[in-house]
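> here is a sequence with its predicted model. Questions after.
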Amino acid sequence: MSDDLLTGRVWRFDHDISTDVLSPGQYAVDPVEVRMLHVLESVNAAFASDVMQGDVVVAGRNFGCGSSRETAAENLKALGVACVVAESFSRIFMRNAVALGLPVVVCPGVHDGFADGDRIEVELGTGRIVNIESEAELRGDSLPSEMREILSAGGILAVLEDQTDR
């Protein structure tokens, strides 16, 4: 990720989206190429087949709740999701997402501010969120520079590899 400004199409989801629907257990041992085909299928059967590179997931409270499955964030990233913006996140999902290089932004009011298919602009450095259709602007939490550095590198493993190479 080379830029702190992301623009994409919105996929809107409700509150309490669990890791169980982001990474269904029956596919847990399958490779990411199989797992990603089943992301969110129990709440939106078309998501995995129709999501496009650069799309943004917008959700309500407690996104990524449930069991600790780093594959939940990995699956979203593999599908090309550019960012997840939610009213709140499970702490473990948020850590896993950043560690894997998937930007996450906490933004109160975002759930009600967008509909499926709206265009969104996300400024990671400031937390500014804009609904391009309605021109409504929300203010989310900015990502600290350390998190943005991890995201820019592609995840924590890339950061650690770079430090080891020095």
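On my side now, so go ahead. Residues are numbered from 1 along each chain as shown.

> and the gap between D4 and I156?
Between D4 and I156 the computed distance is 18 Å (CB to CB, to the nearest Å). Heads up, the C-betas are built off the backbone N, CA and C, glycines and all.

> ok, now L22?
Taken as CB to CB, the span from L22 to I156 is 19 Å.

> mind checking which of these two has more residues around it?
L22 (27 against 16; other CB atoms under 10 Å).

> dead centre of the protein: give me the residue that sits there.
V84 (2.8 Å; CA atoms, centre = their mean).

> which residue is the nearest non-sequential neighbour of that one?
Distances taken as CB to CB, 6 or more residues apart in numbering put V57 closest to V84, at 4.5 Å, once the chain neighbours are dropped.

> with G155 instead?
Per CB to CB, 6+ apart, closest to G155 is G101, 3.6 Å.

> likewise for A72?
L22 (3.7 Å).

> what of I17?
Nearest one to I17, counting by CB to CB, 6+ apart, is F63 at 5.1 Å.

> the one you found against S18, yeah?
No - between F63 and S18 there is no contact under CB atoms under 8 Å: 9.1 Å.

> residue contacts, the residue nearest to A72?
For L22, the contacting residues are V39, L40, G64, R69, T71, A72, A73, N75, L76, by CB atoms under 8 Å, 6 or more residues apart in numbering.
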